[in-house]
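S.K.: Mind looking at a prediction? Sequence and model below.
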Amino acid sequence: MAKAPGSVNIIASQAGNLIYDAAQASSLLLVVDNSTGLDDVNASQAITVYPNPASKSAPVYVSANVEESVLANAMITVYTENGSLVKNVQVTGKLTKVDLPADSGIYLLVIKGKENIIKTLRIIVK
């Protein structure tokens, strides 16, 4: 399996188990992409989400005080705390509205531009 520079591939697997209800074999690949450039670090420090904590069914806003070129074609991907995909939202500029699910819990907002993850934000919905 090829790795991109600055990334780590982690594979977790579980074989079936005949003792406890014959669990199905499964595996998961997690790719961790590390930012290494100074521009990425500066950009990540200038991106915030508010309000946090958020109320159920209320939108949150991702504020990005960065160069427009960093935001070009950027996406915000929302995941549950367990890693399930909730939705993708196109970044609309320096302020992007994100509608969160009505379920309370912890969500991760991954902001990705061009080819790099700019920042991962954690938000609590009460």
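M.R.: Thanks, I have it.
S.K.: so how many other residues sit close to residue 125?
M.R.: Neighbour count of residue 125, defined by other Cβ atoms under 10 Å: 19. Glycine gets a C-beta too; all of them are placed from N, C-alpha and C.
S.K.: hang on, I meant residue 81
M.R.: Counted with other Cβ under 10 Å, residues neighbouring residue 81 total 11.
S.K.: what do you get for residue 56?
M.R.: Each residue near residue 56 was counted by other Cβ under 10 Å, and the total is 12.
S.K.: if I've got this straight, it is in a strand?
M.R.: No: secondary structure of residue 56 (DSSP: H, G, I helix; E, B strand; the rest coil): coil, not part of a strand.
S.K.: now the residue lying closest to it once chain neighbours are set aside: how far from residue 118?
M.R.: In space, and not counting its chain neighbours, residue 56 is closest to residue 102: 5.2 Å by Cβ to Cβ, 6 or more residues apart in numbering. Distance from residue 102 to residue 118, counting by Cβ to Cβ, to the nearest Å: 27 Å.
S.K.: Can you pick out the residue with more neighbours from these two?
M.R.: Remark: of residue 102 and residue 118, residue 118 carries more neighbours, 23 against 9, as counted by other Cβ under 10 Å.
S.K.: Do a quick rundown of the strands in the protein.
M.R.: For the chain, the strands defined by DSSP state E occupy 7-14, 26-33, 47-50, 59-64, 75-80, 85-90, 95-99, 105-113, 116-125.
S.K.: Can I get the ones you listed in JSON lines including mean pLDDT?
M.R.: Shown next, in JSON lines, are the strands of the chain (pLDDT from 0 to 100):
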{"stretch": "strand 7-14", "mean pLDDT": "60"}
{"stretch": "strand 26-33", "mean pLDDT": "56"}
{"stretch": "strand 47-50", "mean pLDDT": "91"}
{"stretch": "strand 59-64", "mean pLDDT": "93"}
{"stretch": "strand 75-80", "mean pLDDT": "94"}
{"stretch": "strand 85-90", "mean pLDDT": "94"}
{"stretch": "strand 95-99", "mean pLDDT": "95"}
{"stretch": "strand 105-113", "mean pLDDT": "92"}
{"stretch": "strand 116-125", "mean pLDDT": "87"}
